[in-house]
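> build me a model from this:
(chains A, B, C and D)
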There are 2 protein chains.
Amino acid sequence: MPKRADLSDTLCPVGRSAELLGDRAVLLILRELLFGRRRFELIAANTGLGPQLVSARLKMLVAEGVAERRAYSERPLRHDYWLTDKGKALFDVLYAMRNWSERWAYEPGETGDGPAIRYVHRTCGADVGTAKICPRCGAELGYGDLKGEPSPALKAEQVSRTG
Amino acid sequence: MPKRADLSDTLCPVGRSAELLGDRAVLLILRELLFGRRRFELIAANTGLGPQLVSARLKMLVAEGVAERRAYSERPLRHDYWLTDKGKALFDVLYAMRNWSERWAYEPGETGDGPAIRYVHRTCGADVGTAKICPRCGAELGYGDLKGEPSPALKAEQVSRTG
DNA sequence: GATAGTAACTATGATAATCATAGTGACAAG
DNA sequence: CTTGTCACTATGATTATCATAGTTACTATC
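Modelled structure (predicted):
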């Protein structure tokens, strides 16, 4: 490829975020970080991305202020990656993607019985389905408000990736 | 590049949609289609993408059932592209991207005074800001419910692209 | 104290996606 | 019959991505 066209100077808000989010590797890494998987090797294993690509994208996310690199051990020196507030706010985007997929991206019965991931509202316990606001208590649903439970089939897939 | 890793068989809903949406060109084309710009040349001009890429992505969107190719003129034969219901449902994702950008992706004052795009709820007239549900009437906000008004600066940018 | 293990990366070469630019086909208008 | 429009396709250079292997720095085990 040639150098990718630069949209970072467009004023369009979709164009701006597309510069960051219009990249499979970035989306997959964000998924891992949002699920609380912070370690390099775990991210690489779960996403199936090569270490070089993971490394490059994590550097980019740090440079963009979306993630933060922290030492979690001094001896031996080890680092992991945490989302900043700017990064946590991307939950809404990935949640919208998840909702779209649950509705449109599976063949009937492909995920077993229910959704691929069941989300429960932490504060009231309701299964939110694919709603944007909690169907029981009406609260908005953002980062940290939901507890995700993968279906047995998805859980099996995740285990097979991490070994 | 090598063949891009295929995620279309993953059960993870984010992974599945990432296969489609983790691509700058796709996001930009969807933006155009959601804004009602259906003609090939207009899409190419507004996105800044080359015709080959636009052509390839539109074919893919049609193959995925996200868009539809229709003849809008018989003589001369001319085609344009319309979103299907599956495509219209992606509004939620792009709207979440827009909301994130409005909050996190601009320097202070960069868009002038207000947001880069002001959204008004069609049925009640409220300026929704960056809310997920209408702050006045409480309705959920989906495809077709909002009227977007670009800021003067963004409008100028759009005009400069299309000539 | 030499070997094996762990975690976070970096290096290398092959492959293919992207870009810039130019060109095509079918028709309409002047 | 030349120019213009619109939806594309063709070509070659560039470069991002993948697969695989290697590196660094330390710990744990034999």
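> show me where chain A has its helices.
Under the criterion DSSP state H, chain A contains helices at A:13-21, A:24-34, A:40-47, A:51-63, A:85-88, A:91-104, A:152-162.
> minimum distance to DNA strand D: which of those helices has it?
Nearest of those to DNA strand D, taken as Cβ to the nearest atom of the strand: helix A:51-63 at 3.9 Å. (C-beta placed from N, C-alpha, C; glycine too.)
> is any part of the closest one close to chain B?
No - if you take Cβ under 8 Å from any Cβ of the partner chain as the test, helix A:51-63 misses chain B, and the best it gets is 9.5 Å.
> ok, and the closest non-adjacent residue to residue A:92?
Counting by Cβ to Cβ, 6 or more residues apart in numbering or on different chains, residue A:92 lies nearest to residue B:96, which is 4.4 Å off, once chain neighbours are set aside.
> residues contacting that neighbour?
Going by Cβ atoms under 8 Å, 6 or more residues apart in numbering or on different chains, residue B:96 touches A:92-93, A:95-96.
> switch to 10 Å and redo it
When contacts are counted by Cβ atoms under 10 Å, 6 or more residues apart in numbering or on different chains, residue B:96 touches A:17, A:21, A:89-97, A:99, A:132, B:130, B:132.
> and the residue nearest the centre of chain A?
What sits nearest the mean C-alpha location of chain A, by Cα atoms, centre = their mean, is residue A:31, with 1.7 Å.
> which residues touch that residue?
With contact set as Cβ under 10 Å, 6+ apart, residue A:31 has these partners: A:37, A:43, A:46-47, A:90, A:94, A:97-98, B:12-15, B:18.
> ok so, going back, tell me the one of the contacts of residue B:96 nearest DNA strand C?
The closest of these, once distances to DNA strand C are taken by Cβ to the nearest atom of the strand, is residue A:21, at 14.3 Å.
> closest one to residue B:68 among the helices of chain A?
helix A:91-104 (14.9 Å; Cβ to Cβ).
> mind listing what's buried along the closest one?
Buried residues in helix A:91-104, counted by 16 or more other Cβ atoms under 10 Å in any protein chain shown: A:91-102, A:104.
> repeat that for stretch A:143-161.
Counting neighbours by 16+ other Cβ under 10 Å, stretch A:143-161 gives A:143, A:145-146, A:150-151, A:154, A:157 as buried.
> try stretch A:112-124
Quick answer for stretch A:112-124 (16+ other Cβ under 10 Å): A:115-119, A:121.
> can you add distance to DNA strand D and pLDDT and give those back as TSV?
Listed next are the buried residues of stretch A:112-124 as TSV, based on distance: Cβ to the nearest atom of the strand, whole Å; pLDDT from 0 to 100:
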residue	distance to DNA strand D	pLDDT
A:115	27	96
A:116	22	96
A:117	23	97
A:118	29	97
A:119	28	98
A:121	35	98
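> farthest pair within the residues you listed?
That would be A:116 and A:121, which, of the buried residues of stretch A:112-124, are the farthest apart (Cβ to Cβ) at 18.1 Å.
> quick revisit: adding distance to residue B:54 and pLDDT, write the buried residues of helix A:91-104 out as a markdown table.
What follows is those, written out as a markdown table (distance: Cβ to Cβ, whole Å; pLDDT from 0 to 100):
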| residue | distance to residue B:54 | pLDDT |
| --- | --- | --- |
| A:91 | 31 | 98 |
| A:92 | 28 | 98 |
| A:93 | 24 | 98 |
| A:94 | 26 | 98 |
| A:95 | 29 | 98 |
| A:96 | 24 | 98 |
| A:97 | 23 | 98 |
| A:98 | 28 | 98 |
| A:99 | 27 | 98 |
| A:100 | 23 | 98 |
| A:101 | 25 | 97 |
| A:102 | 29 | 97 |
| A:104 | 23 | 97 |
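> between the residues you listed, which is nearest residue B:162?
Out of the buried residues of helix A:91-104, the member with the shortest distance to residue B:162 (by Cβ to Cβ) is residue A:93, at 27.7 Å.
> which residue packs closest to that closest one, ignoring adjacent ones?
Here the residue nearest residue A:93, using Cβ to Cβ, 6+ apart, is residue B:96, at 4.4 Å.
> got the angle for the lowest-mean-pLDDT helix or strand in chain A vs helix B:13-21?
Taking mean pLDDT, DSSP states H and E as the measure, chain A has helix A:152-162 as its least confident helix or strand, at a mean of 89. Calculated by axes from the mean of the first three to the mean of the last three Cα atoms, to 10 degrees, helix A:152-162 forms an angle of 80 degrees with helix B:13-21.
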